[in-house]
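Engineer: Kindly return the folded structure for what I paste below:
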Amino acid sequence: MDSHPRCPSSFLLLFSGALLALPAVAPAAGAPHLARVYTLDGEFVHDVGEIQLHVTNFGLIGSLPGNTCSFCDAPSAMWPADSGVDHVYQAGLWIGALLDGQPLVTTAAPSGRELRDDAVDPLATIYEATEGEPGGRRYPHPGFDDDGDGLEDEDPLNGRDDDLDGAIDEDFAAVSDQYFRAFLTDDDDAILANEPDHTPLHLQVVQESFAWSDDDVDDFVGFEFTITASDDFPADRVLEDVHLGFYVDPDIGPRGVPGIASDDLPDFFDGLVRAPNSSLVPLTLASAYDADGDGGVSPGHVGVLFFDRETTGFQVFQGNLTFDQGGDPTTDAERYALLSESGYDATPTGTTNAGDYRILISTGPIEEFRIDDEIRLRLALVVGAGRDGLLTHAAQAYLTSYGRFFDRDGDPDTGDDGREYRVAWIPPGQNPVSIHDEDEAVDPVVASWRGALLPNVPNPFNPATEIRFRLPAAGSVSLQIHDAAGRRVRSLELGSMPAGESAWSWNGTDDQGRAVASGVYLVRLATDRGVDSRRIVLAR
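Structural biologist: The predicted structure follows:
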């Protein structure tokens, strides 16, 4: 019998697809009514490497294996890929602070109910990209100013025209072979309706996650959380003694095997590790492993480590126990006590008493947070064979997060030997193209143009419409169509196209030839040097 306490029925109802508590989306003028849904189908899985990890836009990381929900079959730190062995039940960000002396904590896990995207915004979903694709280049790529307007990464990947230039998501910085981005808050009306005891900090979080396919860096998923004040953050509010944490409930073992939650052990490492490139890397790593290995089926150790911030605390607690007995915290005061506890809980480490453990790694305090402040947290979730394998992969994650420094201002007196500009999340051994390489020089005239989408005819349409575009010069072209939630429904590689006007007829079907529903759709035209977007309406 698995001793892991499962999610309350209210949680499963909330994420079963019904979403009864969420208000509907107000329809745009002349557009069909749109229903708001969360990413509940298990679609967003980092699956390009050996670790396969489900990510959501409601804070929860993992898929709650063993439950009955629409995403519970998605991989949950499955390693090796397609092995059927998961290493995480659920994980997520914790943010705690004192407000007028009162401890308040927003948690994405367990249950993922206090941090999520906007319940009424049809564009509030997870967005996916690949580093280097048109629109998603970043420094030092020669085309890092994707739209050639002299600005850099001014239009984040979010389905919006942030820079008000008439194009959507045409200049953002994608990271890694598989980049996910979501925008979350802790004070959405749906959160307060479902969690009446939750007192929001009034924060918003940009959640970015990264995965690579190369063998040396495919055993971890990197995360970057950027925390700022929400629109409802009072101008005079001061949050004090802010602590950040990452919670992991590591249930390690094959899916469907009873008792996998009750035979894990925690571990902790703080020291130097020699990376494969012979660098000595400082690691502070909280982890867990299967106590009996399931007969050798589950040799993986799973861990989490912070980058760029000192790890100030590591706490271990268990399911099915009260808080004063070493079990789960249930109030903000108890959660904040764990977050703000300095030092490393060494009591369970090395014990032979396997159990249903949770681990929490934390950093802080940040003395004050005000309306214009920003906090950034980088971390990685890592899996490896045994402790040595975990440490090796964690060292690779550390070096990847560290990235590279570049001489961007051309001044040899700034930075270290002139290298004053840091670009994080570059794997060791990867050789990013320098903008100074003559072979990769970009003609500024060519770099400044992008193809333009023209009004489609008819619009609204049923059953088909002509999607027209104009190219100022010949070049490679692709078209993508996304629904209002940001999911790609149709993709077409047109190849090399001549200068001038061209058109493609869309009959309202997806890549599998299935008819799509009525609604607002986003057409993205990608050329060699830029991206243009336009909304169209299908009215069946």
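Engineer: domain parsing for this structure?
Structural biologist: 9-131+175-402, 449-538 (automatic domain parsing).
Engineer: Would you mind giving these as a markdown table with mean neighbour count, mean pLDDT and distance to residue 148 added?
Structural biologist: Any C-beta I mention is one placed from the backbone N, CA and C, and that applies to glycine too. Output for the domains of the chain, formatted as a markdown table (neighbours: other C-beta atoms under 10 Å; pLDDT from 0 to 100; distance: least, C-beta to C-beta, whole Å):
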| stretch | mean neighbour count | mean pLDDT | distance to residue 148 |
| --- | --- | --- | --- |
| domain 9-131+175-402 | 20 | 87 | 19 |
| domain 449-538 | 17 | 83 | 7 |
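Engineer: Any chance of those in JSON lines with distance to residue 143 as columns?
Structural biologist: JSON lines is the format used below for the domains of the chain (distance: least, C-beta to C-beta, whole Å):
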{"stretch": "domain 9-131+175-402", "distance to residue 143": "12"}
{"stretch": "domain 449-538", "distance to residue 143": "7"}
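Engineer: Out of those, which gets nearest to residue 430?
Structural biologist: With C-beta to C-beta, the closest approach to residue 430 among the domains of the chain belongs to domain 9-131+175-402: 7.8 Å.
Engineer: Tell me which of the domains of the chain approaches residue 414 most closely.
Structural biologist: When these are ranked by proximity to residue 414 (C-beta to C-beta), domain 9-131+175-402 comes first, at 19.1 Å.
Engineer: helices or strands next to the helix or strand hosting residue 266 in the packing?
Structural biologist: Assigned by DSSP states H and E, residue 266 belongs to strand 264-274. Counting contacts by 3 or more C-beta pairs under 8 Å, 6 or more residues apart in numbering; DSSP states H and E, strand 264-274 packs against strand 280-290, strand 300-307, strand 357-369, helix 386-402.
Engineer: Kindly reformat the ones you listed as a markdown table containing distance to residue 512.
Structural biologist: Shown next, in a markdown table, are the helices and strands packed on strand 264-274 (distance: least, C-beta to C-beta, whole Å):
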| stretch | distance to residue 512 |
| --- | --- |
| strand 280-290 | 39 |
| strand 300-307 | 35 |
| strand 357-369 | 41 |
| helix 386-402 | 36 |
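Engineer: Identify whichever of these lies nearest to residue 45.
Structural biologist: Of those, nearest to residue 45 by C-beta to C-beta is strand 300-307, at 16.5 Å.
Engineer: in its sheet, what does that closest one sit against?
Structural biologist: In the sheet, strand 300-307 lines up against strand 280-290 (antiparallel), strand 374-385 (antiparallel) (DSSP bridges).
Engineer: May I see these arranged in CSV, with distance to residue 428 as well?
Structural biologist: Output for those, formatted as CSV (distance: least, C-beta to C-beta, whole Å):
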stretch, distance to residue 428
strand 280-290, 10
strand 374-385, 14
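Engineer: now the helices for the stretch 351-500 of the chain?
Structural biologist: With DSSP state H, counting those that start in this stretch, the ranges of helices along the stretch 351-500 of the chain come out as 386-402, 444-448.
Engineer: the helices in the stretch 51-200 of the chain, which residues?
Structural biologist: For the stretch 51-200 of the chain, the helices defined by DSSP H, counting those that start in this stretch cover 189-194.
Engineer: what about the strands in it?
Structural biologist: For the stretch 51-200 of the chain, the strands defined by DSSP state E, counting those that start in this stretch cover 52-54, 76-78, 85-86, 90-99, 102-107, 127-129, 178-185.
Engineer: quick check: angle from the fifth one to strand 178-185?
Structural biologist: It refers to strand 102-107. Here strand 102-107 runs at an angle of 140 degrees relative to strand 178-185 (axes from the mean of the first three to the mean of the last three C-alpha atoms, to 10 degrees).
Engineer: Would you give the sheet partners of strand 102-107, along with the direction of each?
Structural biologist: In the sheet, strand 102-107 lines up with strand 90-99 (antiparallel) (DSSP bridges).
Engineer: separation between the residue nearest to residue 314 when sequence neighbours are not counted and residue 270?
Structural biologist: Leaving out its chain neighbours, the residue that sits closest to residue 314 by C-beta to C-beta, 6 or more residues apart in numbering is residue 344, at 4.3 Å. Distance, residue 344 to residue 270, using C-beta to C-beta, to the nearest Å: 7 Å.
Engineer: now do residue 163
Structural biologist: Using C-beta to C-beta, residue 163 is found at 44 Å from residue 270.
Engineer: same deal with residue 178?
Structural biologist: From residue 178 over to residue 270 (counting by C-beta to C-beta), the distance is 30 Å.
Engineer: One more: residue 240?
Structural biologist: Distance of residue 240 to residue 270, computed by C-beta to C-beta: 28 Å.
Engineer: Ok, residue 465 next?
Structural biologist: Counting by C-beta to C-beta, the gap from residue 465 to residue 270 is 60 Å.
Engineer: Tell me which of the helices of the stretch 351-500 of the chain sits nearest to residue 122.
Structural biologist: Closest to residue 122 of the helices of the stretch 351-500 of the chain, according to C-beta to C-beta: helix 444-448, at 32.2 Å.
Engineer: Compute the mean per-residue pLDDT across that closest one, please.
Structural biologist: Helix 444-448 carries an average pLDDT of 33.
Engineer: This completes my enquiry, with thanks.
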